[in-house]
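> What shape does this take:
(chains A and B, ligands or ions: 3)
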Amino acid sequence: MARKNDKRDDEMRDGTSTAPAGPADSRPPSSFLEVRDLRIHFPTDDGLVKSVDGLSFQLERGKTLGIVGESGSGKSVTSLGILGLHNRRNARVSGEIWLDGQELVGASEEQVRRLRGRDMAMIFQDPLSSMHPFYTVGHQIIEAYRIHNDVTRKVARKHAIDMLGRVGIPRPDRRVDDYPHQFSGGMRQRAMIAMALSCDPELLIADEPTTALDVTVQAQILDLLRDLQREFNSAIIMITHDLGVVAELSDDILVMYGGRCVEYGTVDDVFHAPEHPYTWGLLGSMPRLDRERSERLLPIKGTPPSLINLPSGCAFNPRCAYAELNGGKSTEERPDLRDAAPGHRVACHLPAEKRRQIWNDEIAPKL
Amino acid sequence: MIRFVVRRLAFGVVVLWVVSTAVFFLVFVAAGKPERVIGGPRATTETLRLIRRNLGLDEPLIVQYARFLGRLLQGDLGQSYINGAPVASMIGGRLQTTVVLVLGASVLWFAGGVLTGVLSATRARSFFDRLATLFVLAGLSMPAFVVALLMLYVLFSKAGDAGIHLFEPGPPLQENFWKRMTLPWLALAFLLMAGYTRLTRGAMLDVLGEDYIRTARSKGLPERRVVYRHALRAALTPVVTQFGVDVGVLIGSTIVTEKVFGLQGVGQLVVQSITVGDAPVILGVVLAVALCVVVANLLVDIAYSYLDPRVRLS
Ligand SMILES: Nc1ncnc2c1ncn2[C@@H]1O[C@H](COP(=O)(O)OP(=O)(O)O)[C@@H](O)[C@H]1O
Ligand code: SF4
Ligand SMILES: [Mg+2]
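Ligands and ions are numbered 1, 2, ... in the order given. Alright, predicted model coming up:
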């Protein structure tokens, strides 16, 4: 055990995140969830879409990892990849996903299916379109529960009512027989959470769980997730494009850009002392109630990159205000993910002192 | 549920009333002079007047209409102008033949179309899918009688054994039932099945891309359950709607199939009656067919409300 941990620390220190996953590497890690060099590519008529390209991270039980990035950065593709929900006929998935000692990328579809819903579950962005309109909410929870538990319909129904109560739905014994369209948006997302948690999964992936909801309801759902995590001790991957949401809930944050990780570390690192210009941009464009819109000085210019033809060098360079400071390096060479501080990894050519200086002098005062 | 059915039934009754009224005026008023048909070419003016009187045709239209409705409510469809036989009994057996023909074929084409549609959607672009597409094109572009004749041609030696005599009215339905019905069922089913394959395939492909299918998979449901319980249930709603329309239309238009396979159904009867201007029979057939359509649609509505319970709740 100890030896393996040492090895990982070594890897982190010299920043060889793209080390090929040879057979020697394929031993189960000690982390509950460990993703190594995950790549998810889609061959299309226009070319190969590299939606996820070399992503690595780990997560322990009871902890939350926030994944942030603009839309189109590969967050959903990553989460569906962990659940094994990509069609093997049109997605090329490589790398390793270790869940509690079991590798999932090389596992059979049937093996992964058995884990889905039971050991890992997912909450989706739009609870209305994510529930079957023709089945009652209760039916859909009961179905999820009975697939993985050998119980009678009656027992499963009691469990469904119990779960609906636990996620804060009033009169669950009645609502259990209602159809999704009879629920309000917030209640529907609660029901979705009840369904995802019905088998007590150890890993819960929430893909923008509040994006489709009213602001007031958003806060309630986030509170609920926090409480439930304490109760169930599950590991949570919280996906969002809102750094504020992630900062509130997460232990670690991973910032994605163009299918890759550009910054990864604890909340203290990434939210309070970020070092990547893209993360600065995300912070600058965060909605803040105490500021006038015009005062926000760091909106990210330009548009997210094409995942078929990423800009050469650093994928962020066409939009980066500091690309010039590296004597052409930003447009020629792709920056590796390196430790800025132990456990705080950044992919940027700017020297560390320079980044801290820019953050302290230029960025932080404006936020 | 009961309220839903009652509402649909009431609607059906209204439809029947509208149809009967429309057809009454169309047939009786527009068809004109039945006494000439009945009396024959050499009838005197006096005979013609008597015939009109006997038929009640000399009375004001509104009175005729009231009489007609009154009889209709008692289930009396009147008598044929040609042979004086009660229309109801003329239609009865023939309607049975047509309904058996259409229902038998509909089971085949619905089951066959949905199954091939599902298989071809879940194996999109596979060899099976391409084969199914070819079949759809063939089925959609071939007229009914070609299919029927083709089948007879292929099976010609056996057609005789099956008691089928081309273009001749056959014996009553009960004789050699299975042997005689199989080919017409297949011919009719083949024609409509293609459309159902295409419809089901398209609906399945749409539904399989829905968020709730992804959710079903994320729960760890076996793929079979995802396809047949979650996707198919939603994909069937447009198919079932189309089915209601097709069964209805077909009951009134199986004439070609009936003719080719020598079945005495309503299709043939209606053509004969129109040629000789036998208004009560035409009217009777139209009403009987309308009744079948209304019943078929009611059944389809009920089936639909089982698929999509939301329609019952609103
Ligand atoms: N099945 C697919 N085939 C081709 N491209 C895909 C597929 N699924 C996702 N993508 C592409 O991958 C990129 C990342 O998508 P996604 O992970 O949904 O972004 P987000 O970070 O907003 O969740 C998008 O540009 C999308 O077009
Ligand atoms: S590598 Fe260059 S372009 Fe990329 S973020 Fe750093 S400074 Fe900006
Ligand atoms: Mg997304």
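
> who touches the helix or strand harbouring A:V245?
Taking DSSP states H and E as the definition, A:V245 sits inside helix A:243-249. Residues from elsewhere that reach helix A:243-249, judged by C-beta atoms under 8 Å, 6 or more residues apart in numbering or on different chains: A:64, A:66-68, A:210, A:218, A:222, A:225-226, A:236, A:238, A:240, A:253, A:267, A:271, A:279, A:282-283, A:286-287. For the C-beta atoms, the positions are set from N, CA and C on the backbone; glycine is no exception.

> Quick one: mark the members of those that sit in helices.
A:Q218, A:L222, A:L225, A:R226, A:V267, A:T279, A:L282, A:L283 (DSSP state H).

> now residue 43, what's its secondary structure?
You didn't say which chain, so I picked chain A. When classified by DSSP: H, G, I helix; E, B strand; the rest coil, A:P43 comes out as strand.

> wait, I meant chain B there
Secondary structure of B:A43, reduced to three states by three-state DSSP: coil.

> Quick check: phi and psi on it?
Its backbone dihedrals place B:A43 at phi -70, psi 140, with angles given as degrees, to the nearest 10.

> Give me the pLDDT value at it.
For B:A43, the pLDDT comes out at 81.

> Tell me which residues touch it, please.
For B:A43, the set of contacting residues under the criterion of C-beta under 8 Å, 6+ apart consists of B:E35, B:R36, B:I51.

> Okay, now the unreliable bits of the chain?
Let's take chain A. Low-confidence regions of chain A, defined here as pLDDT under 70, cover residues A:1-26, A:287-299.

> looking at chain B here, not the other one
Segments of chain B classed as low confidence (criterion: pLDDT under 70) are B:29-32, B:144-145, B:148, B:151-173, B:314.

> who wins for most neighbours among the contacts of B:A43?
Using other C-beta atoms under 10 Å in any protein chain shown as the neighbour criterion, B:E35 leads these with 21 neighbours.

> Quick check: it touching B:L57?
Yes. Using C-beta atoms under 8 Å, B:E35 is in contact with B:L57, at 7.4 Å.

> re the thing from before, what's the distance between the helix holding A:V245 and the middle of its chain?
12 Å (C-alpha atoms, centre = their mean, to the nearest Å).

> Now it - C-alpha only, CSV.
Once non-C-alpha atoms are left out, helix A:243-249 reads as follows in CSV (Å, rounded to 0.1, in the frame of the first residue of the first chain):
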residue,chain,number,x,y,z
LEU,A,243,-17.3,27.9,-10.4
GLY,A,244,-19.3,29.4,-7.5
VAL,A,245,-21.4,26.2,-7.1
VAL,A,246,-18.4,24.0,-7.2
ALA,A,247,-16.4,26.1,-4.7
GLU,A,248,-19.2,25.8,-2.2
LEU,A,249,-19.5,22.0,-2.4
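
> can that helix be found next to ligand 1?
No. Helix A:243-249 stays out of contact with ligand 1 when judged by C-beta under 6 Å from any ligand atom, the minimum separation being 13.3 Å.

> Now do the buried residues in that helix.
Taking 16 or more other C-beta atoms under 10 Å in any protein chain shown as the neighbour-count basis, helix A:243-249 is seen to contain the buried residues A:L243, A:V245, A:V246, A:A247, A:E248, A:L249.

> Could you dump the residues you listed into a markdown table with distance to A:D126 added?
Converted to a markdown table, the buried residues of helix A:243-249 look like this (distance: C-beta to C-beta, whole Å):
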| residue | distance to A:D126 |
| --- | --- |
| A:L243 | 21 |
| A:V245 | 17 |
| A:V246 | 19 |
| A:A247 | 24 |
| A:E248 | 22 |
| A:L249 | 20 |
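
> hmm, which two among these are most spread apart?
Checking those against each other with C-beta to C-beta, the farthest-apart pair comes out as A:L243 and A:L249, at 11.3 Å.

> Pairing-wise in the sheet, spell out the partners of A:S94.
Following DSSP bridges, A:S94 is listed with bridge partners A:R39.

> got a list of what it touches?
When contacts are counted by C-beta under 8 Å, 6+ apart, A:S94 is found next to A:D37, A:L38, A:R39, A:V105.

> doesn't A:E96 make contact with the last one?
Just to be clear, that refers to A:V105. Yes. With the criterion set as C-beta under 8 Å, A:V105 and A:E96 qualify as a contacting pair; they are 5.7 Å apart.

> and the contacts of helix A:243-249, which are buried?
Applying 16+ other C-beta under 10 Å to the contacts of helix A:243-249, the neighbour count classes A:64, A:66-68, A:210, A:218, A:222, A:225, A:236, A:238, A:240, A:253, A:267, A:271, A:279, A:282-283, A:286 as buried.

> what sits in contact with each of A:V105 and A:E96?
For the pair A:V105 and A:E96, residues contacting each of them under the criterion C-beta under 8 Å, 6+ apart are A:L38.

> name the element the residue located most distally from the centre of chain A belongs to?
For chain A, the C-alpha lying farthest from the average C-alpha position belongs to A:K154; by C-alpha atoms, centre = their mean, that distance is 35.5 Å. Secondary structure here is read from DSSP H and E; on that basis A:K154 sits in helix A:153-166.

> buried set for that helix?
Buried residues in helix A:153-166, defined by neighbour count with 16+ other C-beta under 10 Å: A:A156, A:R157, A:H159, A:A160, A:I161, A:M163, A:L164, A:G165, A:R166.

> anything in that helix near chain B?
No. Under the criterion of C-beta under 8 Å from any C-beta of the partner chain, helix A:153-166 makes no contact with chain B; the nearest approach is 12.9 Å.

> Show me what that helix is packed against.
Packed against helix A:153-166 by the contact rule (3 or more C-beta pairs under 8 Å, 6 or more residues apart in numbering or on different chains; DSSP states H and E) you find helix A:137-148, helix A:172-175, helix A:185-197.

> Of the ones you listed, which is nearest chain B?
Chain B sits nearest to helix A:137-148 of all the helices and strands packed on helix A:153-166, at 4.2 Å, using C-beta to the nearest C-beta.

> chain center to the closest one: distance?
Helix A:137-148 has its C-alpha centroid displaced from the chain centroid by 25 Å (C-alpha atoms, centre = their mean).

> go on, stretch B:83-99?
For stretch B:83-99, the gap between its own C-alpha mean and the chain's C-alpha mean amounts to 16 Å (C-alpha atoms, centre = their mean).

> Grab the CA positions of stretch B:53-70 and hand them over as PDB.
Output in PDB follows, covering the C-alpha atoms of stretch B:53-70 (Å, rounded to 0.1, in the frame of the first residue of the first chain):
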ATOM      1  CA  ARG B  53     -95.000   5.600 -53.300                       C
ATOM      2  CA  ASN B  54     -94.200   2.200 -51.900                       C
ATOM      3  CA  LEU B  55     -90.700   3.300 -51.100                       C
ATOM      4  CA  GLY B  56     -92.000   6.400 -49.500                       C
ATOM      5  CA  LEU B  57     -90.100   8.500 -51.900                       C
ATOM      6  CA  ASP B  58     -93.000  10.800 -52.600                       C
ATOM      7  CA  GLU B  59     -93.000  12.300 -49.200                       C
ATOM      8  CA  PRO B  60     -91.100  15.400 -48.200                       C
ATOM      9  CA  LEU B  61     -87.400  14.800 -47.700                       C
ATOM     10  CA  ILE B  62     -87.400  15.700 -44.000                       C
ATOM     11  CA  VAL B  63     -90.000  13.000 -43.400                       C
ATOM     12  CA  GLN B  64     -88.000  10.500 -45.300                       C
ATOM     13  CA  TYR B  65     -85.000  11.400 -43.200                       C
ATOM     14  CA  ALA B  66     -86.900  11.100 -39.900                       C
ATOM     15  CA  ARG B  67     -88.200   7.600 -41.000                       C
ATOM     16  CA  PHE B  68     -84.700   6.600 -42.000                       C
ATOM     17  CA  LEU B  69     -83.300   7.600 -38.600                       C
ATOM     18  CA  GLY B  70     -86.100   6.000 -36.800                       C
END
